[in-house]
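> Sequence and predicted structure, then a few things I'm wondering about:
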Amino acid sequence: MSTVDITPHDLPERRSVFTPELLDRCISCGFCLPACPTYALTGVETSSPRGRINLMRALETGVLPDDDPTVNEESSFCLGCRACEPVCPAGVQYGALLEEWRDHLWNGRRRPWNVKPLLWAVDSPSRVRAMGIVRRHAGRSREAPGPVNLMLGCFERVLYPRVSRDARKLAPELAAPSAQGCCGALHAHNGELERGRELARDLGAALPGTIVTTSGGCGAHLAGVLGAARVQQFPQWWLAREPPADGATADGAAVADGAGAGTPAARRLRIGLQDSCHLRNGLGVWREPRELIARIGEYVELPSAAACCGAAGSYSVVRPKDSARVLDPHLDEIAAADLDVIVVVNAGCYRQLQQGVKRRGLRTRVVHIAELLAGER
Ligand code: SF4
Ligand code: SF4
């Protein structure tokens with residue numbers, strides 16, 4: 001289709017697919033284009049935030065039908081990384097628009113087939129618990145919630161159970177009842193917006209008080225539904241935490257193995273970071289993990305540290321080739337910097353980088369920030 005600029009004034013007829021205040025905010029300035037990974041890959045306007053908002057407006061007015069191929073392709077090609085939000089002078093909440101877009105388009109037969117089993121797996125707390133039964137994560141079945149609770153995550157408790165164990169090793173005051181379900185982010189990002197919100201509210205009821213998460217994507221979704229005051233990301237919470245009464249330092253590395261800042265070591269580790277998109281772009285948390293890493297070793301800022309690694313929730317499953325294209329420059333940079341360790345703050349990024357590093361045969365280890373602080377490196 002040809003690209004046309006559609007302004008809010010061109011929207012006399014609305015189909016109520018999108019919230020008007022969200023859709024009307026874009027002023028088509030184009031400041032977001034350089035920040036968009038899919039625009040960087042293609043140079044095509046319709047694969048940019050501004051181009052996609054124009055497609056949404058065309059859908060809203062009925063200029064384009066639901067089964068328009070470009071509308072469908074772009075709803076799926078977008079990573080949902082929200083890198084377009086912090087650079088937008090008009091405050092467009094692109095992530096919320098994308099959720100509404102997919103909620104409309106992906107309800108039913110247009111939902112990518114490979115997302116359906118993922119949604120089914122995390123849709124009920126009993127299934128989530130069953131998934132984690134075979135792995136020794138930090139959750140305890142009969143443990144009651146406390147004032148501060150650790151969210152175990154669905155896939156994280158299965159794929160990377162050491163993350164919650166290490167978070168708890170560092171901060172034993174975190175309660176971790178295993179009777180907790182999914183946060184609903186996967187649903188909200190894949191066409192089941194109301195179910196995603198419902199799951200977040202259920203999790204909020206199961207974990208009253210403050211919820212500490214070790215996964216940026218889950219944390220941003222939970223904060224969006226429950227309010228930012230209820231949710232803390234592990235690095236953020238760890239930095240703000242009062243030092244324990246026993247006099248131990250709040251620096252987890254020193255607690256863990258005495259290898260923190262100031263400790264003589266044969267060679268300081270060269271450590272990079274892969275930001276979590278939703279943690280950085282949605283919650284504005286990016287300084288904290290860098291500060292913590294710098295206590296452990298030599299922090300190396302990679303040029304693409306803030307850019308999406310291509311994991312993007314279910315993206316690596318739905319669009320594996322595009323996901324690998326997005327990942328490639330990250331792997332180039334990790335190799336060029338000859339990192340000892342690349343740190344992640346989200347389970348999806350963990351898997352994406354671990355697979356990429358292995359495929360390339362790089363020597364760099366991928367670890368979660370909680371594992372790094374606990375001395376697992
Ligand atoms: S920067 Fe914001 S207002 Fe400008 S085109 Fe992008 S989304 Fe629209
Ligand atoms: S969410 Fe990411 S991929 Fe999608 S339009 Fe925004 S910057 Fe581009």
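Good, I have the coordinates. Ligands and ions are numbered 1, 2, ... in the order given.
> got a list of what I27 touches?
89-90 (C-beta atoms under 8 Å, 6 or more residues apart in numbering). Yep, even glycine has a C-beta here, placed from its N, CA and C like the rest.
> Pull the number of nearby residues for S28.
The local packing of S28 (other C-beta atoms under 10 Å) involves 12 other residues.
> ok, it touching S48?
No: in this structure S28 lies outside contact range of S48 using C-beta atoms under 8 Å: 10.9 Å.
> For H330, see how far away the residue positioned nearest the centre of the chain is.
Per C-alpha atoms, centre = their mean, the C-alpha nearest to the average position across the chain is that of G217, at 2.7 Å. Per C-beta to C-beta, to the nearest Å, G217 is found 17 Å from H330.
> Show me what the helix ranked longest in the chain is in contact with.
With secondary structure taken from DSSP state H, the chain has its longest helix at helix 320-337. Residues outside helix 320-337 that contact it (C-beta under 8 Å, 6+ apart): 37-38, 41, 77, 79, 270, 272, 274, 300, 302-304, 307-312, 315-316, 342, 352-353, 356-357, 360, 362, 364.
> now swap in stretch 150-159 and tell me
121-122, 128, 131-132, 134-135, 137-139, 163-164, 167-168, 174-176, 178, 180-183, 186, 203, 207, 211-215, 218-219, 222, 347-348, 350-351.
> Filter the residues you listed down to the buried ones.
121-122, 128, 131-132, 135, 137-139, 163-164, 167-168, 174-176, 178, 180-183, 186, 203, 207, 211-215, 218-219, 222, 347-348, 350-351 (16 or more other C-beta atoms under 10 Å).
> Quick check: residues of this protein near ligand 1?
Contact residues (C-beta under 6 Å from any ligand atom) of the chain with ligand 1: 26-32, 49-50, 53, 84, 88, 90, 92.
> what's the neighbour count on R127?
Counted with other C-beta under 10 Å, R127 comes out at 14.
> Filter the residues of the chain next to ligand 1 down to the buried ones.
26, 32, 49-50, 53, 84, 88, 92.
> Where does the closest residue to L239 other than its chain neighbours fall, secondary structure wise?
Closest residue to L239 apart from its sequence neighbours, by C-beta to C-beta, 6 or more residues apart in numbering: E288 at 5.3 Å. Assigned by DSSP states H and E, E288 belongs to helix 287-296.
> Give me the helices and strands touching that helix, please.
helix 234-240, helix 252-257, strand 270-274, helix 369-373 (3 or more C-beta pairs under 8 Å, 6 or more residues apart in numbering; DSSP states H and E).
> got the contact list for the last one?
Put plainly, it is helix 369-373. Under C-beta under 8 Å, 6+ apart, the answer for helix 369-373 is 162-164, 166-167, 170, 214, 234-235, 238, 252-253, 256, 271, 289, 292-293, 296, 341, 343-345, 377.
> Report the inter-axis angle for the longest helix of the chain versus strand 270-274.
Compare the direction of helix 320-337 with that of strand 270-274 by axes from the mean of the first three to the mean of the last three C-alpha atoms, to 10 degrees and you get 160 degrees.
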